[in-house]
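Engineer: Mind folding the following:
(2 chains, ligands or ions: 1)
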Amino acid sequence: MPALTRAEKLEILADAAKYDASCASSGSIKRSSLGTGGIGSTTGMGICHSYAPDGRCISLLKILMTNYCMFDCLYCINRLSSNVRRAAFTPQQIVDLTLDFYKRNYIEGLFLSSGIIRSPDYTMERIVEVARLLREEHKFGGYIHLKTIPEADPDLLTNAGKYADRLSINIELPSDESITRLAPEKSGPHIRKTMGTLGQRISDAKAERKSSRKAPLFAPGGHSTQMIIGADESDDARVLTTSTRLYKGVGLKRVYYSAFSPIPDPSAQLPPVAPPLVREHRLYQADWLLRFYGFGVDEIMTGAKRDAAGKRHLDLAIDPKLAWALQNREHFPVDLNRADKSILLRVPGLGVNGALAIIKARRFGTLRLADIETLCRNVSKMLPFIITRDWTPGPRLDDANLYAKLAPKPKQLELFAT
Amino acid sequence: MTGLAQKPQDYRAYLSSETDLAGWRNQARRALAEDIPPERIDWHVEERSATPDLAPHLPLPQSNTAPALHLNNQHLTVLITALLHSDADRFALAYRLLWRMRKQPRLMGNPADRDVKRIWAMAKSVRRDIHKMHAFVRFRKVGYREDEGGKLREQFAAWFEPDHHITKHVAVFFRDRFTAMDWLIVTPRTSIAWDGQNLRAGPGGKRTDIPDSDAIEDEWRSYYRSIFNPARLKVQTMKSEMPMKYCKNLPEAEVISVLIGDSNLRGHQTRGKVLCDAIHKPLATTSPNSIKGQTQ
Ligand code: SF4
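Structural biologist: Presented below is the predicted three-dimensional model:
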């Protein structure tokens, strides 16, 4: 068989990486190439250089070093027993490709992951080698995200953190039982332990940098993970509980949710169909409520629905904040002229920016509905839940049909389910 | 700001170019010190098409007194950023705000005021344009140049069409990012270039000043084709983030019509244009969801 060209390898190895949802290039330190005379900078903000027709931002060259793998995780297209086309890049090829793309301003940097070949250590060494070449030989100042292999030697993780802006380890599934069943070579407790070590090092390095600017960096953009949704039986309550545990326990910056996509030659242990994409969307919204809106999992789940099997899932028809508000109407209406920020953030339709704008504007005088309309985008959604100088929802809020009135029409639901 | 009692614009402030921020600042200071109301000043940009002088104008008087005005950093940044907007009225609007702030020092913090709202919106639009320029400039390799030390430096060039007067402003971003290579960015009004030592600004140009392809673009297109998950089209999101005007200069635009399965568009692949039309055509499969993770 003739050797694959760089473009052919790229096709295979980008295709294999597309199930990873993460593409963030934000939240790291600021770097400039002016001082080093090299190539690459980070502004801390992250830039989307393109958008794919699936709506996702394309910010990093996201590829696998290789899609050969000695593990056999059943949900994964690259697993040992799958018969996909395989390819492998050398570290130098990845370096060249990254620089070629970067210099044309296609990307912010590299997100490198890999199937496991020979051994977890060998694979991790080569991943780190790519980052080392970029940073040391090419004075590359762009963003680097490395996927780390929890089974690899902790010293290799140390090196990875030295070069990378962000590290990640995929938790894979919401429960340890599912990991054991679907990813037999992996272990939930071990993954969490490695995440804990990473989290500790990241926060230690941050603290050291505070006292000395010369202290070495360690993944200044933090660490993240991805969870596959709908490959096992776990309900949303379970998923969000696992996320909260990770945010609190190991200092994760971000959990990504990836709706399970059925793969060729599936195992009988996997569901034959993908979960509705809107489930993934609702989980992201709920995750947002956890991180920025001061909600707890239990609160969010008061708006959930129970299915025939007793599983508790977020309502697919309406967003989780609205679902919560409808079940907790005693907290409403909220007086926008008086309520403090934490209460404003509970109003359906009102986001962080809107809440801050209201707080600012009301210092200049009592707000009327027209003022709210200039400050916020989604006022019609807020109406049943708010009071302004010239507006109260009256009995609207007690309307037993409020849910039906606020939920989108079923026709749109079909669109969601595509 | 209009009314029967309005005086004619009997003063004229002269700005040497669309980005003469120093000129604006200087004359705004003088006008404030001399207590000249906003409606009496005509802000005149010399490089714009000449407006006929119907009435004689007075230049703003010199003044040594500095007006007492305290603007916090954030508000100052908003004003300065908004001055890069393409709206012809921006210099007058910014001055009017300064003028009003003498009576209402906290005016800029009131998001419900009409002038304030407008200036914030302008600043926002400029910031977005800057951000999009950072994101969507696409360099093409032109060749090599031997530098003073005898080392080869790669040379790149790009064409871009910003909405606002931001080109000089973004030069620093590109210098700090692409220090090790020579680059040139040409826009209709201005061009900027970096040679490893100096940033330079020059006259504007045309799309045809830049090579129309780069060997790497095929690989970039294969990447773009492969990273996309056809199971989940969200064309609406893509469209809102990648407006037509930017997208037509992206090498990956060629792929998009094929990816979204619009067979009407295959066959006549005029670079960029047609393909951009493709992504701006509403599709039945478009999901109403906006960007993932946002909740309101
Ligand atoms: S180790 Fe990673 S690449 Fe290998 S089968 Fe498991 S999930 Fe897939």
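
Engineer: in the stretch 151-296 of chain B, which spans are strands?
Structural biologist: Under the criterion DSSP state E, counting those that start in this stretch, strands of the stretch 151-296 of chain B are mapped to B:152-159, B:182-186, B:190-194, B:199-203.

Engineer: now what about the longest one, what contacts it?
Structural biologist: Going back to what we said before, that points to strand B:152-159. Residues from elsewhere that reach strand B:152-159 (C-beta atoms under 8 Å, 6 or more residues apart in numbering or on different chains): A:103-105, B:137-147, B:178, B:180-187, B:196, B:207, B:209-211, B:249. (C-beta placed from N, C-alpha, C; glycine too.)

Engineer: Quick check: buried residues in that strand?
Structural biologist: Within strand B:152-159, the residues that qualify as buried are B:154-159, counting by 16 or more other C-beta atoms under 10 Å in any protein chain shown.

Engineer: Same list, those residues, but as TSV with pLDDT and distance to residue A:334 please.
Structural biologist: Compiled in TSV, the buried residues of strand B:152-159 are given as follows (pLDDT from 0 to 100; distance: C-beta to C-beta, whole Å):
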residue	pLDDT	distance to residue A:334
B:154	95	58
B:155	96	59
B:156	97	54
B:157	96	55
B:158	96	50
B:159	96	51
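
Engineer: Just the buried ones from the contacts of strand B:152-159?
Structural biologist: Once neighbours are counted (16+ other C-beta under 10 Å), the buried part of those comes down to A:103-105, B:137-142, B:178, B:180-187, B:196, B:210, B:249.

Engineer: and the ligand, which of those reach it?
Structural biologist: Contacts with the ligand within the buried ones among the contacts of strand B:152-159, counted by C-beta under 6 Å from any ligand atom: none were found.

Engineer: Now intersect the residues you listed with the helices, please.
Structural biologist: Per DSSP state H, helices hold the following members of those: residue A:103.

Engineer: Apart from its chain neighbours, what residue comes closest to residue B:80?
Structural biologist: residue B:21 (6.3 Å; C-beta to C-beta, 6 or more residues apart in numbering or on different chains).

Engineer: and if you look at residue A:21?
Structural biologist: For residue A:21, the spatially nearest residue (C-beta to C-beta, 6+ apart) is residue A:256, at 4.2 Å.

Engineer: how many neighbours does that neighbour have?
Structural biologist: When neighbours are defined as other C-beta atoms under 10 Å in any protein chain shown, residue A:256 has 23 of them.

Engineer: quick check: longest helix of chain A.
Structural biologist: The helix of greatest length in chain A, counted in residues with DSSP H as the criterion, is given as helix A:188-211.

Engineer: Quick check: mean pLDDT of stretch B:192-199?
Structural biologist: Across stretch B:192-199, pLDDT averages out at 94.

Engineer: repeat for stretch A:381-393
Structural biologist: Stretch A:381-393 shows a mean pLDDT of 91.

Engineer: tell me which residues of it are tucked away?
Structural biologist: Residues of stretch A:381-393 classed as buried: A:381-388, A:391, A:393 (neighbour count, 16+ other C-beta under 10 Å).

Engineer: measure it end to end?
Structural biologist: According to C-alpha to C-alpha, to the nearest Å, stretch A:381-393 extends 12 Å from its N-terminal end residue to its C-terminal end residue.

Engineer: swap in stretch A:258-276?
Structural biologist: Between the start and the finish of stretch A:258-276 there is a gap of 11 Å, counting by C-alpha to C-alpha.

Engineer: Only the buried residues of it, if you could.
Structural biologist: Of the residues in stretch A:258-276, those buried under the neighbour-count criterion (16+ other C-beta under 10 Å) are A:258-261, A:263, A:270, A:274-276.

Engineer: pretty sure residue A:257 belongs to a strand, no?
Structural biologist: Yes. Note on residue A:257: a strand contains this position according to DSSP: H, G, I helix; E, B strand; the rest coil.

Engineer: Chain neighbours aside, what residue packs nearest to it?
Structural biologist: residue A:283 (4.6 Å).

Engineer: which residues touch the one you found?
Structural biologist: When contacts are counted by C-beta under 8 Å, 6+ apart, residue A:283 is found next to A:229, A:236, A:239-240, A:257, A:314.

Engineer: From what I see, the residue nearest to residue A:21 and residue A:229 are in contact.
Structural biologist: No. The pair residue A:256 and residue A:229 fails to qualify as a contact (C-beta atoms under 8 Å) at a distance of 10.2 Å.

Engineer: where does the stretch 151-296 of chain B have low pLDDT?
Structural biologist: Low-confidence regions of the stretch 151-296 of chain B, defined here as pLDDT under 70, cover residues B:231-233, B:257-296.

Engineer: residue ranges for the helices of it, please.
Structural biologist: All helices of the stretch 151-296 of chain B, identified by DSSP state H, counting those that start in this stretch, fall at B:167-177, B:217-226, B:235-241, B:244-247, B:253-259, B:273-280.

Engineer: Show me which positions of stretch A:395-405 end up buried.
Structural biologist: For stretch A:395-405, the buried set under the neighbour-count rule, 16+ other C-beta under 10 Å, comprises A:397, A:402.

Engineer: Can you pull out the residues in contact with that stretch?
Structural biologist: Residues outside stretch A:395-405 that contact it (C-beta under 8 Å, 6+ apart) are A:318, A:326, A:329, A:332-333, A:383-385.

Engineer: Return the residues of the stretch 251-400 of chain A in contact with chain B.
Structural biologist: Taking C-beta under 8 Å from any C-beta of the partner chain as the contact definition, the stretch 251-400 of chain A meets chain B at A:261, A:274, A:277-278, A:280-281, A:284-285, A:287-289, A:293, A:319-321, A:348-351, A:354, A:357, A:360-361, A:363-364, A:367, A:371, A:374-375, A:377-378, A:381.

Engineer: Swap in 7 Å and give it another go.
Structural biologist: By C-beta under 7 Å from any C-beta of the partner chain, the residues of the stretch 251-400 of chain A that approach chain B are A:261, A:277, A:281, A:284-285, A:288-289, A:319, A:321, A:349-351, A:357, A:360-361, A:364, A:371, A:374-375, A:378.

Engineer: of those, buried ones?
Structural biologist: Among those, those classed as buried by 16+ other C-beta under 10 Å are A:261, A:277, A:281, A:284-285, A:288-289, A:319, A:321, A:349-351, A:357, A:361, A:364, A:371, A:375.

Engineer: These in strands, which ones?
Structural biologist: Of the positions in these, not one sits in strands, assigned by DSSP state E.
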